[in-house]
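# just to be clear, the model below is a prediction. Sequence and coordinates:
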2 protein chains.
Amino acid sequence: MTARFRTTYRVACPESEIAARAQGIAVEQSVEMPLAAITDARVTAEVVGRVEQIVPLGPDSYAVEIALAVETVGAEVGQMLNMILGNTSMHDCVTLTDVEIVPEFAAWFGGPRLGLEGLRARVGAGQRPLTCTAIKPQGMPPEALAALAHRLALGGLDYVKDDHTQADQTTAPFSQRIPAVAAAVRRAASTTGRRTHYVPMLSGGWGRMHRQLALCREEGIDTVMMAPMLSGPATMAEIAREWPGMAIFAHPSMSGGHIAPDLLFGKLLRLWGADALIFANYGGRFGLSRAQCRQLADWAAAPMHGLRAAVPTPAGGMELARVGELLDFFGHDTMLLIGGSLLLAGERIPEVGAAFQHAVETHFP
Amino acid sequence: MTARFRTTYRVACPESEIAARAQGIAVEQSVEMPLAAITDARVTAEVVGRVEQIVPLGPDSYAVEIALAVETVGAEVGQMLNMILGNTSMHDCVTLTDVEIVPEFAAWFGGPRLGLEGLRARVGAGQRPLTCTAIKPQGMPPEALAALAHRLALGGLDYVKDDHTQADQTTAPFSQRIPAVAAAVRRAASTTGRRTHYVPMLSGGWGRMHRQLALCREEGIDTVMMAPMLSGPATMAEIAREWPGMAIFAHPSMSGGHIAPDLLFGKLLRLWGADALIFANYGGRFGLSRAQCRQLADWAAAPMHGLRAAVPTPAGGMELARVGELLDFFGHDTMLLIGGSLLLAGERIPEVGAAFQHAVETHFP
């Protein structure tokens, strides 16, 4: 087994404190106790985290690289998050910015089961970028959501997903919403001749999700969405493993905090089994920079011990007018998600959706 | 049904932006789309979040109170977190500081199943404060962990818990560790005549946790620990509901980010089913203030539509010398958790543990 893997943290503190802060993280993220109280020499030598280097990034800002023991991850996704960030998430001045993916992690967690090529093949997209939209708002009854989904799907988009706020509310219970919307999307697809897929949102703990997945499968649905940082990434990893053929869109709800988003989406959620990575794009309602988005997309496709590429899916206030710019930035290997701005088209949703689809399909010669 | 509940956010931004930021949160945490694109008048009137008030807290700092629709929570813990913070967690300048607990939430989620009085009754503690310690470090084999647990339990402490880093590593697999440590703690309890309880750490997704819980029950264990913000709070809520009689210690791993810790532990995790609330105390390795700790403890015991009180459990670098100060601060209704500093006693762990127990038992006349 690889003995150690590297984690990198950005730490904001005065120069006089950085050495102690770095050592503090190394101990917190491994044995979390006074080193003098450790009586097992193997633990001291092989398990205690080790500060590898401290690199100044700017005034009172440092990159701290720490070597953690691979054995502490215990072949489990939740425990990996526990070890790479866990308690250190309670230190406001620390952000996890990078994690070395060793071969064991790839073997243990398996990455995207479908990934970019799988999601393309499902909708017959060849090598082009993919399209996605969202059914909003929550609060409408199932028939109204289904009618809206039908109009969205008439544009011939690849994926029509639930809004992440759609759970199991009394206004549109999961057991009524999913069959109604799935039927509406199938009907639209038979009209357009496209293979538009409906992507329901899963919610709750694993027991509830399990029942939701069973209903999805009955409805012929092979792609679902969940928010791994809300449900726990271990829940997502279990679904990827236990529901073969079920593709997973990862939604960013509750992803804010102490993990850099490029790392979380591009490396970690890909590693842990997400096929599509929905993230808050630059120039939208949230604050990601162009550089973070570039890094995220690069990591989503980078070689990772044979794991499939995931699909970077920029979202969060995107507009139709930006399709060209976004494709120039992200290239072929992406999925564009446009929600609210398409809904603004009202009665013209099918036409505007078709224009979105056409723009994406014809952007690259 | 109560129509609306209040959420409060602390927002850091210039005065010129606060009105738009507040309205942005109200929309993001409800319908997440342009309001002009909503065609259902009921959704506009009853589902869209509403800014109730904006109160200046200091320079460029505001408390924003928003009324969200109770129906959007959909009687599910994960969805409640999705609605009260979710996407807004991606805004660095926003912290969720308060949530109104309406009667529906109490009825849906049930709060602590055992709570303060249940955890006291299990160890015959009467009305006194409780004691707890942790078995560290990870990396030792099961026999060594069991031997350490035996010495810790010989002090007569109430609860001896796993370190939160103990998962299912090859050095001490769960299936070997739990029976070995449980037997050691039982042996010590039969020596001391105390009812010392062993509290194993659960890890992984719900499927793995389910198997771990089954093993715990076989071993006669009735109290477990988990990290709800690592595993997803919905997973904790499902365990509270589906494993009657199993008390839950909530560990703070991954709790850092955009929820004020007093709110997260004192109100939310209590509401969602945690019996003991382990949090990073003032004056330890983490940065909670005395005021936050006071608020957390007050909320853990405050009237909440008939729900049981949870046990505030200050931790994170606590020392034996502080027992008196901590009890003066937290009062009778607390559990003191001392880990590393007890382990430093080495061969004298049973004696120092007994002194810790004695100090807690005799502090209040």
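That came in fine, so what should we check first? Everything numeric here is computed off the predicted structure, so don't read it as measured data.

# secondary structure class for the closest residue to A:Arg113 other than its chain neighbours?
Nearest non-adjacent residue to A:Arg113, counting by CB to CB, 6 or more residues apart in numbering or on different chains: A:Ala240, 5.6 Å away. Every residue, glycine included, has its C-beta placed from N, CA and C. What DSSP: H, G, I helix; E, B strand; the rest coil gives for A:Ala240 is helix.

# what's the neighbour count on A:Ala240?
A:Ala240: 23 surrounding residues under other CB atoms under 10 Å in any protein chain shown.

# is A:Ile54 located within a strand, as I assumed?
Yes. Looking at A:Ile54 with three-state DSSP, it is inside a strand.

# separation between it and chain B?
19 Å (CB to the nearest CB, to the nearest Å).

# I'd say that residue and A:Ala26 touch.
No. Look at A:Ile54 against A:Ala26 with CB atoms under 8 Å: they stay out of range, at 11.1 Å.

# if you count surrounding residues, which of these two has more?
A side-by-side neighbour count of A:Ile54 and A:Ala26, using other CB under 10 Å, places A:Ala26 first with 22 against 17.

# wait, A:Tyr224 touches A:Cys216, no?
That one is not Tyr; residue A:224 is Val. Yes. The pair A:Val224 / A:Cys216 is scored as a contact, 6.0 Å apart, by CB under 8 Å.

# between these two, which contacts overlap?
Common neighbours of A:Val224 and A:Cys216 (criterion: CB atoms under 8 Å, 6 or more residues apart in numbering or on different chains): A:200, A:246.

# pLDDT weak spots in the stretch 51-200 of chain A?
Across the stretch 51-200 of chain A, not a single residue meets the criterion (pLDDT under 70).

# contact residues of it facing chain B?
Those residues of the stretch 51-200 of chain A that sit near chain B, judged by CB under 8 Å from any CB of the partner chain, are A:69, A:71-79, A:81-83, A:85-92, A:136-140, A:144, A:163-165, A:167-171.

# take those and keep only those in helices.
A:77-79, A:81-83, A:144 (DSSP state H).

# need those in CSV with neighbour count, can you?
Formatted as CSV, these follow (neighbours: other CB atoms under 10 Å in any protein chain shown):
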residue, neighbour count
A:Val77, 29
A:Gly78, 31
A:Gln79, 26
A:Leu81, 28
A:Asn82, 28
A:Met83, 27
A:Ala144, 17
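
# ok, these vs chain B, which is closest?
Nearest to chain B out of those is A:Gln79 (CB to the nearest CB; 4.0 Å).

# and the residue nearest to that closest one when sequence neighbours are not counted, how close does it get to A:Phe265?
Nearest residue to A:Gln79, sequence neighbours excluded (CB to CB, 6+ apart): B:Ala167, at 4.0 Å. Going from B:Ala167 to A:Phe265 by CB to CB, to the nearest Å gives 24 Å.

# more neighbours, those two?
The neighbour comparison of B:Ala167 against A:Phe265 (other CB under 10 Å) goes to A:Phe265, with 31 against 28.

# can you show me the strands along the stretch 251-365 of chain A?
For the stretch 251-365 of chain A, the strands defined by DSSP state E, counting those that start in this stretch cover A:276-280, A:311-315, A:335-337.

# mean confidence for the second one?
By that I understand strand A:311-315. On average, the pLDDT along strand A:311-315 is 97.

# got the angle for that strand vs strand A:276-280?
Interaxial angle, strand A:311-315 versus strand A:276-280 (axes from the mean of the first three to the mean of the last three CA atoms, to 10 degrees): 30 degrees.

# pull up the residues of the stretch 251-365 of chain A that are close to chain B.
So far as CB under 8 Å from any CB goes, the stretch 251-365 of chain A lies against chain B at A:252-258, A:261, A:280, A:285-287, A:339-341, A:343-344, A:346.

# what about the helices in the stretch 101-250 of chain A?
Under the criterion DSSP state H, counting those that start in this stretch, helices of the stretch 101-250 of chain A are mapped to A:103-109, A:115-123, A:142-154, A:174-192, A:206-218, A:228-231, A:233-242.

# tell me which of the ones you listed sits most buried.
Highest mean neighbour count among the helices of the stretch 101-250 of chain A (mean count of other CB atoms under 10 Å in any protein chain shown): helix A:228-231, with a mean of 28.

# list the helices and strands that helix packs on?
helix B:77-84 (3 or more CB pairs under 8 Å, 6 or more residues apart in numbering or on different chains; DSSP states H and E).

# residues contacting the helix it packs on, please?
A:164-165, A:167-169, A:203-205, A:227, A:230-231, A:253-254, B:7, B:29-30, B:68, B:72-73, B:96, B:99, B:105, B:109, B:232-234, B:236-237, B:268, B:272.

# verify the contact between A:Ala309 and A:Gly331 for me.
No. In this structure, A:Ala309 is not within contact of A:Gly331 by CB under 8 Å, at 11.9 Å.

# excluding chain neighbours, give the residue nearest to A:Leu271 in space.
Using CB to CB, 6+ apart, the closest residue to A:Leu271 is A:Phe109 (5.3 Å).

# mind listing the helices in the stretch 251-365 of chain A by residue range?
Going by DSSP H, counting those that start in this stretch, the stretch 251-365 of chain A shows helices at A:261, A:270-271, A:290-301, A:323-330, A:340-343, A:349-362.
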